[in-house]
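[1] for reference, the sequence and a predicted model appear below.
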Amino acid sequence: MTTETFDLVVIGAGPGGYVAAIRASQLGMKVACVEKRKTLGGTCLNVGCIPSKALLQSSHLYEETTHDLKAHGIVVSGVTLDLAAMLKRKNDVVGATTKGIEFLFKKNKIALFTGMGRIEAAGSVAVIGEDGATTATLAAKNILIASGSEVMPLPGVTIDEKTIVSSTGALELTEVPKRLAVIGAGIIGLEIGSVWRRLGSEVTVVEYLDRIAPGVDSEIVKQFERLLTRQGLKFKLGRKVTGVTRGETGLTLSHEPAKGGAAETLEVDVVLACIGRRPYVEGLGLDKVGVTLTDRGRIAVDGHFQTSVPGIFAIGDAIDGPMLAHKASEDGVACVETLAGQKGHVDWDRVPSVVYTQPEIAWVGKTEDQLKAAGTAIKVGKYPFAADPRSRANGRTDGLVKVITDAATDTVLGVHILGAEAGTMIAEAALAMEYGASAEDIGRVCHAHPTVSEALKEAALAAWDKPIHL
Ligand code: FAD
Ligand code: NAI
């Protein structure tokens, strides 16, 4: 058994932990990372962002080939689906990406310990092997918890990852289910529901709230729901799922009105349960060392990511803020830069979010509803992609850009985009907001023509004064 001393021991090698480890090493610290998975990259690279985006891309190409090419004068016939090849490609993308992190760890001389990290005391982490034996003890000046999150369980729905699946099983189905029920119209439900709908499943999404995609601007979400419905997704809103039972011909999902009332059932072949994720803090030994949790079960931290115990820090999905990979990474960088004597800070209000359906939704900052509820005097500028020449040339005219500003100062407070390339476009809005830009600032920046990003310029001009092309 090895006993080694490090400046920083990171527990978890997801986008929070691995980025923090690399940055700490760049800043001159001697760093170790303990990861219980055999591969690096955490939820995001192994079973989250990357495999889901690989299947979203493949299923998008399949749908374009079978439905959209005709409008461009391209006639194809005999298109068939090789699901095994699609899944293999997805696994290859994941493998290459996780291997890339191994390379970066070697390059940055980060000592990797495979096993469960358990904090014994401030300054001490035990690495526990699969058989429960301690394989190493690491002494650390500082410990950083980046243990991520896990699927939120739903009473009455027992996940077997074969026919009743979480997102993990839903990215591995070896046959296209004829009938798929999705519990929860959040990001996972809409993205993975779209994958299987494109590949031929009849998809019904059962959602507790009266709307889909909680968190998305309510004006944008109305258009979004119409578009997804037109694509063939079926929504049952305001319905609470109470259980799933197994019968001879498939699964029976029971649901009732969220406000109370008569129950109904839905017969399907596969159920995807995705009602949210919760922090994963099991086995870390938090109780023993006195690290406290918030009332929502997340690790409580101060403005510098320090937990209730000096020398123990936490970032990413395990703490408050949006459960997003890039937020976890920014937390990690800010935390270790602070440890190195610099001034690390992340503004969670300026973390962009993207839903990778087609069209995509992307936003940064506050929604119109949030600002109105706070009594802020705002101006709203909108520009539809139907008015944008490049979007017309691309045949992707659904959606709009919405820029919300402070009515008194013109400062941009929120940008919301529904559109084919919304996820790429939102980076410009995030940059502008990070620099405290006004709508006039964005409107005066020269945008290349013809690009879809001109729609952001026009929406900014609309918020400031007047758009040119509307
Ligand atoms: P994680 O990535 O969960 O990593 C934590 C790591 O810690 C894991 O590898 C775990 O094995 C390890 N660990 C935990 N406890 C211990 C321990 N005691 N000892 C050793 N190791 C331990 N976010 C986006 O921004 N964009 C997306 O497109 C996106 N798509 C997603 C799709 C799906 C299907 C899912 C499920 C999530 C998606 N997310 C996406 C969310 C994203 O995956 C998470 O926000 C992100 O992974 C959080 O990073 P993290 O480092 O905090 O935790
Ligand atoms: P979510 O929180 O986005 O959505 C869960 C949905 O389930 C909500 O709409 C909720 O009202 C509903 N719900 C809860 N209980 C229910 C019940 N009993 N019956 C019916 N509906 C019910 O959670 P989701 O989709 O599981 O995703 C988890 C997290 O993973 C996301 O919040 C996000 O942080 C991350 N993620 C991010 C992605 C991205 O950035 N593109 C992609 C996928 C996941």
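    On my side now, so go ahead. Numbers count the residues shown, from 1 in each chain. Ligands and ions are numbered 1, 2, ... in the order given.

[2] wait, does stretch 190-202 contact ligand 2?
    Yes - shown here: stretch 190-202 in contact with ligand 2 (Cβ under 6 Å from any ligand atom) through Glu191. In short, each C-beta sits where N, CA and C put it, glycine included.

[3] buried sites along that stretch?
    190-199, 201-202 (16 or more other Cβ atoms under 10 Å).

[4] of these, which belong to helices?
    190-198 (DSSP state H).

[5] can I get the buried residues of stretch 190-202 in a markdown table with pLDDT?
    A markdown table is the format used below for those (pLDDT from 0 to 100):
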| residue | pLDDT |
| --- | --- |
| Leu190 | 98 |
| Glu191 | 98 |
| Ile192 | 98 |
| Gly193 | 98 |
| Ser194 | 98 |
| Val195 | 98 |
| Trp196 | 98 |
| Arg197 | 98 |
| Arg198 | 98 |
| Leu199 | 98 |
| Ser201 | 98 |
| Glu202 | 98 |
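
[6] which residues does Gly399 contact?
    When contacts are counted by Cβ atoms under 8 Å, 6 or more residues apart in numbering, Gly399 touches 223, 227, 359, 384-385, 417-420, 422.

[7] what about Lys372, neighbour count?
    Neighbour count of Lys372, defined by other Cβ atoms under 10 Å: 13.

[8] which stretch of helix or strand covers it?
    helix 368-373 (DSSP states H and E).

[9] and Thr409, how many neighbours?
    10.

[10] between the ones in helices among the buried residues of stretch 190-202, which is nearest Ser166?
    Proximity of these to Ser166 was ranked by Cβ to Cβ; the top entry is Ile192 with 9.9 Å.

[11] what's the distance between the closest one and ligand 1?
    7 Å (Cβ to the nearest ligand atom, to the nearest Å).

[12] hang on, the earlier thing: name the helices or strands packed onto the helix holding Lys372?
    Where contact means 3 or more Cβ pairs under 8 Å, 6 or more residues apart in numbering; DSSP states H and E, helix 368-373 is packed against helix 218-231, strand 378-384, strand 400-406, strand 412-419.

[13] dihedrals phi and psi, the closest residue to ligand 1 within the stretch 201-350 of the chain?
    Among all residues of the stretch 201-350 of the chain, Gly316 sits closest to ligand 1, at 2.3 Å; criterion: Cβ to the nearest ligand atom. With angles defined as degrees, to the nearest 10, Gly316 sits at phi 70, psi -150.

[14] what is the burial count for it?
    35.

[15] which bits of the stretch 51-200 of the chain sit near ligand 1?
    So the stretch 51-200 of the chain meets ligand 1 at 52, 116-117, 146-149, 167, 188 (Cβ under 6 Å from any ligand atom).

[16] redo those residues as TSV? Include pLDDT, distance to ligand 2 and neighbour count.
    Listed next are these as TSV, based on pLDDT from 0 to 100; distance: Cβ to the nearest ligand atom, whole Å; neighbours: other Cβ atoms under 10 Å:
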residue	pLDDT	distance to ligand 2	neighbour count
Ser52	98	6	21
Met116	98	23	22
Gly117	98	23	28
Ala146	99	16	32
Ser147	98	15	28
Gly148	98	11	27
Ser149	98	8	21
Ser167	98	7	21
Ile188	98	3	23
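
[17] quick one: which of the residues you listed is nearest Cys335?
    Distances from Cys335 to these, taken by Cβ to Cβ, are shortest for Ala146, at 9.2 Å.

[18] contacts only, for that closest one.
    Ala146 touches 10-14, 16-17, 20, 42, 314-316, 318, 328, 332, counting by Cβ under 8 Å, 6+ apart.

[19] what is the nearest of those to Lys70?
    Gly42 (41.3 Å).

[20] run the chain-centre distance for stretch 110-124.
    Centroid displacement of stretch 110-124 relative to its chain, using Cα atoms, centre = their mean, to the nearest Å, is 27 Å.

[21] tell me which residues in it are buried?
    110-119, 122-124.

[22] quote the end-to-end distance of that stretch.
    17 Å (Cα to Cα, to the nearest Å).

[23] next one: stretch 437-453
    Termini of stretch 437-453 sit 17 Å apart (Cα to Cα).

[24] report the distance from it to the chain centre.
    Averaging C-alpha positions (Cα atoms, centre = their mean) puts stretch 437-453 27 Å from its chain's average.

[25] got the contact list for it?
    Outside of stretch 437-453, the residues within contact range by Cβ under 8 Å, 6+ apart are 379, 381, 385, 388-391, 393-394, 396, 403, 405, 409-412, 419-421, 425, 428-429, 432, 454, 456-457, 460-461, 463-465.

[26] I'd like the average pLDDT over it.
    Here stretch 437-453 scores 98 as its mean pLDDT.

[27] got the phi and psi for the residue of the stretch 151-300 of the chain at minimum distance from ligand 2?
    Nearest residue of the stretch 151-300 of the chain to ligand 2, counting by Cβ to the nearest ligand atom: Gly186, 1.8 Å away. Torsion angles at Gly186 (phi, psi; degrees, to the nearest 10) stand at phi -90, psi -160.

[28] report the buried residues of the top strand by length along the chain.
    Criterion DSSP state E: the longest strand present in the chain is strand 134-145. Applying a neighbour-count criterion of 16+ other Cβ under 10 Å, one finds 135-136, 138, 140, 142-145 buried in strand 134-145.
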